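1. Quick one: sequence and predicted model below, then my questions.
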Amino acid sequence: MPRTAIIPIGPYHPLQEEPEFFKLHVEGETVVGLDIELGYNHRGIEKLSESKTFEQTVFLVERICGICSTSHPIACVQAIEDAGNIAVPERALYIRSLIGELERLHSHLLWLGLAGHFLGFNTVWMWVWRYREDLLDIMELLTGNRNHYAMMKPGGVRRDIRREDIPAVRKMLDGLKGPLALFRDAVAEDPVIHARLKDVGVLTRQEVIDYCALGPTARASGVAIDVRRDHPHAAYGLVEWDVCVEHNGDVFDKAVVRIREMFESVRIVAQCLDRLEVVGGPIDSNPKEIPPGEGIGHYEAPRGEVFHYVRSDGGNRPARHKVRAPSYMNVPTDRAAVLGGSVSDATIVLAAVDPCYCCTERMAALDASTGRRLMGAKELLRLSWEKTERLKRELGAEGPKLDLARTE
Amino acid sequence: MSFAVRALTRSLNVFHLGGSACNNCDIEILDALTPRYDVERFGLTLVGSVRHADLILLSGVFNTKAAIRARRIYEQAPKPVVVVAIGACACTGDIFRKSYNWDGPVDRYIPVDAYVAGCPPKPEAMLEAVVTLVKKLRGA
Amino acid sequence: MTRDDILARIKAELGDRVVDFHAKSDRRYYVEVGPDDVPGATRLIFEELGARFQIATGIDTPRAIEILYHWAFDRFGFVLTLRTKLDREKPEVDSVAGICTGTEWIEREMWELLGVKFRGHPDMRHLLLRDDWPAGKFPLRRDYVRADHA
């Protein structure tokens, strides 16, 4: 019988920004099992929320996650609005979608950069994050902060979009189209990326349904769910856009879904800007109190559906506030996706769901004294990079073609 | 200026230790490496092991589970080492102060040399903290 | 199948096991059943009607511990919440992790934060709190006080 070795990844992985702890069980080069340990990021937000007023709650949920820092507030205010039957002015709906889609763009760009880094294409990382900076500048212009925008409140939004800022957003969007096409072509055409990502970490349609996976993870496996379309909210029922679905469920398709979604986000943002130039009126319906009752709000964050449940007892604080982030459903699918794969593919497969542990409210820690043969994250990355190098030699490719003329 | 201080402050090897963060500070730290800010041109580089660290960046609140590990990792760092708390959570606990899974700011576990406020602080602010610290260590 | 067909089928199949049914709006429905009927209702909603499990919420109220299973019917644009009320003194309910894999983590979470026992759960360990968290201290209970153990 072959001996099973355990490779701990994490919790203080040098390249993931957050601590999380995966135990990979391997036989030789093949992954035969995965154990996920959480809890390093648990901050007790649901309990804390009960001590805040409804308006303060929005600031708290914003700090669940820095990358989805407008998705949680949107879902939260929708839950409060559902509980209190509060109407939202039309202009506020467009502003919500606008901020939400700009956030999706920066989040997907972030993932693409990190995925490039995990595969050994550090150039991709640097390029992608350089374009992400332009987006963050726009967020700072519109909301006053590069992250944590503090735009949402029950009944509307906190800040209006000024007419004189709209041209700057359009200019940024136009500037983004070239790089986006470049990244799309790099993924679609590069033989090394094909060799690294095709048929790697496959998640079948049935596994998606069993694990109740969400967002791009589900859509890459042919499960066409998107809260923005299925449960219309904000301005998503008022603008034109498409749900991006692929069918193989491998890491390649997850990348393709995210890249295609960025083009859709650009479309939605452009339409929201058009409408914001025409639709005037208030941005806030100023609800005075939340009557007793319960409400559910959900929003399609970059990683999948964010879910909030709020119960009010008629006071100014929630009696119960339940939060569920998409990674909570997506991370367990890693168990299905890495099995039978090779160790050198593990890092990219685990990264493919775009895990977000601060959302999942948990992380993990490395105990270096178990006496087992340890293989650190560094070695795993080295394995991954070596595989890319080997494939490059075998395939005679030189990596993604960064054609300067096309982007400038 | 002693040999140790001169060696420490020349080309800083940075180790990033994230607590129970919301991730924003962590991403802004990585952001400082990318072309807009490009801190590597000043000789700063991120390292994967705390054994190589001259500078430890702490981010996020540290809950009861993470704080113990953070302390253990700090003890493994070669001394002298400089510690900077990045962001409001690492400095004070911020909005999570009343949590049942939190037991005091991170400087209760690890001695902190500089605090960078903000939610999240901009990369420029982090750079300024490092520059100020280095100047102070060198006695300039 | 339409939304009304689905709701009619749930009402018909669960019959007099439905303790309460109300529509908060045309996108939010709440169905209450007794604790023993949860696995049967889950089978109906997940396996036969093809809903997507969103999450479960555990709430400590003065009279009972409520468990709310939220199910999304994406093709029909509504959310159905299956509610059950457990005895505060001895909160126990059958695990549905064997029916829907996606419920595994949340049952572990409700066990450690709220002290609900899920009978027949395949892997009941701490999920979020540290392993040496004192037994019997459940942060989401109303009578929980933050003490020195935290």
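-> Perfect, thanks for sending it.

2. Grab the CA positions of stretch A:271-290 and hand them over as CSV.
-> Below are the C-alpha coordinates for stretch A:271-290, written out as CSV (Å, rounded to 0.1, in the frame of the first residue of the first chain):
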residue,chain,number,x,y,z
GLN,A,271,-25.3,52.1,-19.0
CYS,A,272,-25.6,53.2,-15.4
LEU,A,273,-23.6,56.3,-16.2
ASP,A,274,-25.9,57.0,-19.2
ARG,A,275,-29.0,56.7,-16.9
LEU,A,276,-27.4,58.8,-14.1
GLU,A,277,-27.1,61.7,-16.5
VAL,A,278,-30.8,61.6,-17.1
VAL,A,279,-32.5,60.2,-13.9
GLY,A,280,-32.6,62.9,-11.2
GLY,A,281,-34.4,62.9,-7.9
PRO,A,282,-33.5,62.0,-4.4
ILE,A,283,-30.9,59.3,-3.5
ASP,A,284,-32.4,58.3,-0.2
SER,A,285,-35.9,57.6,1.1
ASN,A,286,-34.8,58.3,4.7
PRO,A,287,-36.6,55.6,6.6
LYS,A,288,-37.2,56.6,10.2
GLU,A,289,-37.8,53.3,11.8
ILE,A,290,-37.7,49.6,11.0
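
3. average model confidence for it?
-> Taken as a whole, stretch A:271-290 carries a mean pLDDT of 90.

4. ok, the closest residue to A:Ala352 other than its chain neighbours - contacts?
-> In this structure, A:Ala352 finds its nearest non-sequential neighbour in A:Val251, 4.4 Å apart by C-beta to C-beta, 6 or more residues apart in numbering or on different chains. The C-beta positions use only the backbone N, C-alpha and C, and glycine is treated the same way. Contact partners of A:Val251, counting by C-beta atoms under 8 Å, 6 or more residues apart in numbering or on different chains, are A:Leu197, A:Val200, A:Gly201, A:Ile348, A:Val349, A:Ala352.

5. likewise A:Leu119?
-> So A:Leu119 contacts A:Ile193, A:Arg196, A:Leu197, A:Ile348, A:Ser384, A:Trp385, A:Thr388 (C-beta under 8 Å, 6+ apart).

6. Among those, which pair sits farthest apart?
-> Using C-beta to C-beta, the contacts of A:Leu119 span at most 14.8 Å, a distance reached by A:Leu197 and A:Trp385.

7. Between the two, which has more neighbouring residues?
-> Regarding A:Leu197 and A:Trp385, a neighbour count based on other C-beta atoms under 10 Å in any protein chain shown identifies A:Leu197 as having more, with 24 against 18.

8. Quick check: the more buried one touching A:Asn248?
-> No: at 10.1 Å, A:Leu197 and A:Asn248 do not qualify as touching, with contact defined as C-beta atoms under 8 Å.

9. Can you classify the residue of chain A found nearest chain B by secondary structure?
-> Minimum separation of chain A from chain B (C-beta to the nearest C-beta) falls at A:Gly66, amounting to 2.7 Å. Under DSSP: H, G, I helix; E, B strand; the rest coil, A:Gly66 falls in the coil class.

10. burial count for the spatially closest residue to it that is not a sequence neighbour?
-> Closest residue to A:Gly66 apart from its sequence neighbours, by C-beta to C-beta, 6+ apart: B:Asn24 at 2.7 Å. Neighbourhood size, B:Asn24 [other C-beta under 10 Å]: 29.

11. repeat for B:Thr92
-> When neighbours are defined as other C-beta under 10 Å, B:Thr92 has 17 of them.

12. how about the nearest residue in space to it that is not next to it in sequence, what does it touch?
-> Excluding its sequence neighbours, the residue lying closest to B:Thr92 (C-beta to C-beta, 6+ apart) is B:Pro105, at 5.7 Å. Contacts for B:Pro105 (C-beta under 8 Å, 6+ apart) come out as B:Val61, B:Ala90, B:Cys91, B:Thr92, B:Gly93.

13. Apply 7 Å and report the result again.
-> Listed by C-beta atoms under 7 Å, 6 or more residues apart in numbering or on different chains, the contact set of B:Pro105 reads B:Cys91, B:Thr92, B:Gly93.

14. what about the first one, distance to B:Gly118?
-> Per C-beta to C-beta, to the nearest Å, B:Cys91 is found 9 Å from B:Gly118.

15. One more: the last one?
-> From B:Gly93 over to B:Gly118 the distance is 15 Å, taken as C-beta to C-beta.

16. what's the answer for C:Glu109, then?
-> Remark: distance between C:Glu109 and B:Gly118 (C-beta to C-beta) = 32 Å.

17. the more surrounded of the two?
-> Between C:Glu109 and B:Gly118, counting by other C-beta under 10 Å, C:Glu109 is the more crowded of the two (26 against 17).

18. Leaving out sequence neighbours, find the closest residue to the more buried one.
-> C:Glu109 sits nearest to C:Leu127 (C-beta to C-beta, 6+ apart), 5.2 Å away.

19. right, and the one you found touches C:Glu112 too?
-> Yes: contact criterion C-beta atoms under 7 Å: C:Leu127 and C:Glu112 qualify, at 6.3 Å.

20. and the residue of the stretch 201-350 of chain A at minimum distance from chain C, what is it in contact with?
-> Proximity of the stretch 201-350 of chain A to chain C (C-beta to the nearest C-beta) peaks at A:Cys212, 3.2 Å away. Contacts for A:Cys212 were tallied using C-beta under 7 Å, 6+ apart; they are A:Met329, C:Arg52, C:Phe53, C:Cys100, C:Gly102.

21. circling back: Three-state assignment for the residue nearest to C:Glu109, please.
-> coil.

22. residues in contact with it?
-> Under the criterion of C-beta under 7 Å, 6+ apart, the neighbours of C:Leu127 are A:Leu38, A:Gly39, C:Trp105, C:Arg108, C:Glu109, C:Glu112.

23. Secondary structure and pLDDT added to those, as TSV?
-> Below are the contacts of C:Leu127 laid out as TSV (DSSP: H, G, I helix; E, B strand; the rest coil; pLDDT from 0 to 100):
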residue	secondary structure	pLDDT
A:Leu38	coil	74
A:Gly39	coil	73
C:Trp105	helix	87
C:Arg108	helix	90
C:Glu109	helix	89
C:Glu112	helix	88
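
24. Where neighbours are concerned, which of those residues has the most?
-> That'd be A:Gly39 among those, by other C-beta under 10 Å, with 29 neighbours.

25. Now do the helices in chain C.
-> C:3-14, C:38-42, C:104-114 (DSSP state H).

26. Give me whichever of those helices is most buried.
-> Stretch with highest mean neighbour count among those: helix C:104-114 (a mean of 22; mean count of other C-beta atoms under 10 Å in any protein chain shown).

27. how long is stretch A:45-53 end to end?
-> This stretch, stretch A:45-53, spans 14 Å end to end (C-alpha to C-alpha, to the nearest Å).

28. Thank you kindly, that will do.
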